[in-house]
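*Asks:* sequence and predicted structure are below.
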Amino acid sequence: MERQVRFGVLLPVPAAPVEKLIRIAKLNEDAGFSSLWVPDHLLFVPYGTTLEAWTLLAALAVSTKKALLGTCVSDPHRRHPAVFAQMVATVDRLSGGRVILGLGAGEAMNLEPFGIAWDRPVLRLEEAVSVMRALWSGQKVDFEGRFWRLKGAFLQIRPVGRVPIYLGTHGPRMLKLTGQLADGWLPTPMTPEMYARRLRAIREAAREAGRDPGEIDTAIYLYTAVAEEREKAVKALEPFKPMIVHSPEALEEAGYEVPELPEGLKHYWRLLPRDEDVLAFMRFGRAVPMEAVLEFSVAGTVGDCLDRLEAYVRAGVRHFVLVNVGPDPKLVLRAYAEHIMPAFSS
């Protein structure tokens, strides 16, 4: 089977200070990870120091040499697409053409506390992509949309080449949009079976749009824990259970009985950074069975992880974006560098 599987890492934001993030990025690049990703948030659940994503990517652009640099993911609501296009082109120039723009429909914690409009998110995303790609062409742009209007607009900077746009999507409308216009697909954790079902919808939409589905990079964002003893790796996932299995609907789709839900529970993308929301979300996580968590992640011994990754490859994944949760992050890094990534390089 032709693999061409790539591995990337999502840097530990908001857990680590910026100096440590740069060191971690360099270590992962040297270990052979081909992409480095950062979340793009104004606020974070769980709480922590939240850096501005594109400023951090600019620092990574001049601190690394070859790894791709992306957001997992940005949204089209907080920045005018012309300003956003200029930011992305600038970081792409600083990195020598290594930027990936990850985009999603948005999350409440980044918008509602600040009074930022969140209406018609799918249409707004589609329109923002059209504006940015037009401005990156270097031509003067006239655009009449529902949200933005440009007349004779142009940028005085262009990216090095075509900036790939990956969409973090799950629902039917966004999956269809991914097939129609995206360069890649980067969803949050799901089981291989859930991934394969959605990938079929994306590929069908691509074919209907006259595109080659094979041109769309198939990525996924997953939590990983590796240890010599499987139980230690499994235990490392415990604090991350609600982020891994992020909603009752995801748990039910995976074939598990949904536990009694805490009052006020919201989807992660609907969470607000207030105690009652966070506590309800964490209570849901505690009720999720570890058996289900393991189906949404890559954990255990090296052999366990190889088997799990193989299941995702069979489902269509070709680009893993991993969250290293230990229990010994350095051991996890070595395991991937020395054993796991080489097994998928043939």
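*Replies:* Perfect, I can see it now. Numbers count the residues shown, from 1 in each chain.
*Asks:* from now on I want contacts and neighbour counts done on CA atoms only, so please keep to that.
*Replies:* Will do.
*Asks:* tell me how many other residues crowd residue 335.
*Replies:* By other CA atoms under 10 Å, the residues close to residue 335 number 18.
*Asks:* helix, strand, or coil at it?
*Replies:* In three-state terms, and counting by DSSP: H, G, I helix; E, B strand; the rest coil, residue 335 is helix.
*Asks:* gap between the closest residue to it other than its chain neighbours and residue 263?
*Replies:* Among residues not flanking residue 335 along the chain, residue 302 sits closest, at 6.8 Å (CA to CA, 6 or more residues apart in numbering). Applying CA to CA, to the nearest Å, the value for residue 302 to residue 263 is 39 Å.
*Asks:* so where do the strands sit in the stretch 201-346 of the chain?
*Replies:* Taking DSSP state E, counting those that start in this stretch as the test, the strands found in the stretch 201-346 of the chain are 217-226, 298-300, 319-327.
*Asks:* residue contacts, residue 85?
*Replies:* With contact taken as CA atoms under 8 Å, 6 or more residues apart in numbering, residue 85 is in contact with 132, 135-136.
*Asks:* would you map the strands across the stretch 1-150 of the chain?
*Replies:* Taking DSSP E, counting those that start in this stretch, the strands of the stretch 1-150 of the chain run over residues 6-10, 35-38, 68-71, 99-103, 141-144, 149-153.
*Asks:* nearest to residue 342 among these would be which one?
*Replies:* strand 6-10 (10.5 Å; CA to CA).
*Asks:* list the buried residues in that closest one.
*Replies:* 6-10 (16 or more other CA atoms under 10 Å).
*Asks:* check stretch 169-181 too.
*Replies:* Those would be 169-170, 174-181, for stretch 169-181 by 16+ other CA under 10 Å.
*Asks:* got the contact list for residue 25?
*Replies:* Neighbours of residue 25 in contact, by CA under 8 Å, 6+ apart: 11, 36, 60, 64.
*Asks:* give me the pLDDT value at it.
*Replies:* pLDDT for residue 25: 98.
*Asks:* also residue 39?
*Replies:* 96.
*Asks:* before we move on, back to that, from the strands of the stretch 201-346 of the chain, which stretch is densest packed?
*Replies:* Mean neighbours per residue, mean count of other CA atoms under 10 Å, is largest over the strands of the stretch 201-346 of the chain for strand 298-300, with a mean of 27.
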